[in-house]
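**Q** pasting the structure only:
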């Protein structure tokens, strides 16, 4: 693996490195960790990398790695930069024959995202997007139960992602994460809706297996002086006829990362919370509710193959992240030129999910501004 972004003071870079390393399938061999060469060099030294493979720019890294012998060069690029710096390195990596795994959202804009998808489709290389929460075993169990028809026809979906860390004007203090995430020149058109709302929408579609088709949304900017939305609520329509409610806010004071989803069908419902990820509550219309727990043999194969520890030994955010890297690594290992890899077979979010995420942001913004409110998902 080669990494673009993720210097020592960047939160998400460390998360990606830990996740990639967890299963022993991936080795970090090079990086362009910052747009400042001295910062990139310092990060490489701290990670004990060969100094000749620590680069001052992503252009230099991709060019020099391509010229190395096949058994020495990196196999893929991990992109962990702010949103506005996702597409350029991804494009260059793909055009030079390297697979890509990228942090979400996919791009700065939908136009960029669509251009990137064309390059992915043309090259046939493996591309993954880190919608982390799809990596949790019990999220996969929820998806499997619904796909098997255990709950009957799905009628209702509630998905919420309340955070409280932006309840104050934090970006005015120089806090790095707040500064770029609330800056439209770096984050793009969406604030909270792009940062965490896309996670909630992706989770709803992944678990139910049904795309969102229409949205009735309200975006708010609660904290005075903030340039992007920090709060949202919306009604959803899904292509299977179900309706839903999505809430994404970063001004829920006291909440941490309280992502949760509830899905209801004709026969019963289920509930999963990210802050207690090893538990899935399954509720039945005509019998007592059941508690499904990670690590047990009664779970589906899709859940079991993403579990590393025995029951009662908690797995969390890093392990969910690692499942994306593990499944992506399997696809890269199986890749053969001219033979397209199906991301669904390996169970990781791909470039098409990324484009849907950008279209979701655009649709929410359009709906929020429209007096008619109900807005069909843009294409």
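**A** Received, thanks. Since the structure is predicted, the reported quantities are computational estimates derived from the model, not experimental observations. Numbers count the residues shown, from 1 in each chain.
**Q** mind checking the SS state of the residue of the chain positioned farthest from its centre?
**A** Note on the chain: the largest C-alpha distance from the chain mean falls to residue 286, namely 36.1 Å (Cα atoms, centre = their mean). Look at residue 286: counting by DSSP: H, G, I helix; E, B strand; the rest coil, its state is coil.
**Q** and what of the one 5 residues further on?
**A** When classified by three-state DSSP, residue 291 comes out as strand.
**Q** ok, it - contacts?
**A** Residue 291 is in contact with 279-282, counting by Cβ atoms under 8 Å, 6 or more residues apart in numbering. Where you see a C-beta, it was placed from the backbone N, CA and C, and this is true even at glycine.
**Q** can you check residue 343 too?
**A** 126-128, 331, 349-350.
**Q** same check on residue 351?
**A** Residue 351 neighbours (Cβ under 8 Å, 6+ apart): 106, 113, 116-117, 120, 127, 129.
**Q** need those in CSV (columns: neighbour count, secondary structure and distance to residue 170).
**A** Shown next, in CSV, are the contacts of residue 351 (neighbours: other Cβ atoms under 10 Å; DSSP: H, G, I helix; E, B strand; the rest coil; distance: Cβ to Cβ, whole Å):
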residue, neighbour count, secondary structure, distance to residue 170
106, 30, coil, 25
113, 22, helix, 28
116, 25, helix, 31
117, 18, helix, 34
120, 21, helix, 35
127, 30, strand, 33
129, 27, strand, 27
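**Q** would you turn those residues into a markdown table with distance to residue 73 and pLDDT?
**A** A markdown table is the format used below for those (distance: Cβ to Cβ, whole Å; pLDDT from 0 to 100):
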| residue | distance to residue 73 | pLDDT |
| --- | --- | --- |
| 106 | 25 | 94 |
| 113 | 27 | 96 |
| 116 | 22 | 97 |
| 117 | 25 | 97 |
| 120 | 20 | 97 |
| 127 | 18 | 98 |
| 129 | 23 | 97 |
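**Q** just the contacts of residue 291: which are in strands?
**A** 279-282 (DSSP state E).
**Q** helices of the stretch 201-350 of the chain, start to end?
**A** For the stretch 201-350 of the chain, applying DSSP state H, counting those that start in this stretch gives helices covering 301-304, 317-334, 343-346.
**Q** of all the ones you listed, which one is nearest residue 80?
**A** The closest of the helices of the stretch 201-350 of the chain to residue 80 is helix 317-334. By Cβ to Cβ, the value is 11.5 Å.
**Q** in that closest one, which residues are buried?
**A** The neighbour-count check on helix 317-334 (16 or more other Cβ atoms under 10 Å) flags 317, 319-332 as buried.
**Q** just stretch 185-202 next, same as before
**A** Of the residues in stretch 185-202, those buried by neighbour count under the rule 16+ other Cβ under 10 Å are 187-202.
**Q** ok, so of those, who is nearest residue 309?
**A** Using Cβ to Cβ, these come closest to residue 309 at residue 199, 24.3 Å.
**Q** backbone dihedrals for the residue farthest from the centre of the chain, both of them.
**A** phi -130, psi 20 (degrees, to the nearest 10).
**Q** which residues touch the spatially most central residue of the chain?
**A** With distances taken as Cα atoms, centre = their mean, residue 131 lies nearest the centre of the chain, 1.7 Å away. Residue 131 is in contact with 104, 198-199, 202-203, 206, 324, 349, 353, 357, counting by Cβ under 8 Å, 6+ apart.
**Q** pLDDT check: weakest of those residues?
**A** Across the contacts of residue 131, the smallest pLDDT goes to residue 104, namely 93.
**Q** three-state assignment of that one?
**A** Taking three-state DSSP, the label given to residue 104 is coil.
**Q** tell me what the nearest residue to it once chain neighbours are set aside is bridged to.
**A** With sequence-adjacent residues excluded and distances taken as Cβ to Cβ, 6 or more residues apart in numbering, residue 104 is closest to residue 129, at 5.3 Å. Beta-bridge partners for residue 129, by DSSP bridges, are residue 102.
**Q** hang on, residue 129 packs against residue 349?
**A** Yes: contact criterion Cβ atoms under 8 Å: residue 129 and residue 349 qualify, at 4.4 Å.
**Q** overlap in contacts, the two.
**A** residue 104.
**Q** so which of the buried residues of stretch 185-202 belong to strands?
**A** Per DSSP E, the buried residues of stretch 185-202 never map to strands.
**Q** quick one: stretch 78-85 to chain centroid distance?
**A** 12 Å (Cα atoms, centre = their mean, to the nearest Å).
**Q** not counting it itself, show me its contacts.
**A** Under Cβ under 8 Å, 6+ apart, the answer for stretch 78-85 is 1-6, 10, 12-13, 16, 20, 86, 89-90, 93, 100-103, 105, 107-108, 180, 185-188, 194.
**Q** now do the residue nearest to residue 104 against residue 202, distance only.
**A** 9 Å (Cβ to Cβ, to the nearest Å).
**Q** shared neighbours of the two, which are they?
**A** Shared contacts of residue 129 and residue 202, counting by Cβ under 8 Å, 6+ apart, come down to 349, 353, 357.
**Q** would you confirm that the last one contacts residue 105?
**A** Yes: between residue 357 and residue 105 there is a contact at 5.1 Å, judged by Cβ under 8 Å.
**Q** now for these two: what residues contact both?
**A** residue 198.
**Q** neighbours around residue 11, how many?
**A** 10 (other Cβ atoms under 10 Å).
**Q** pull the contacting residues for it.
**A** Contacts of residue 11 by Cβ under 8 Å, 6+ apart are residue 177.
**Q** using a markdown table, lay out the contacts of residue 351 together with distance to residue 165.
**A** What follows is those, written out as a markdown table (distance: Cβ to Cβ, whole Å):
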| residue | distance to residue 165 |
| --- | --- |
| 106 | 23 |
| 113 | 26 |
| 116 | 29 |
| 117 | 32 |
| 120 | 33 |
| 127 | 30 |
| 129 | 23 |
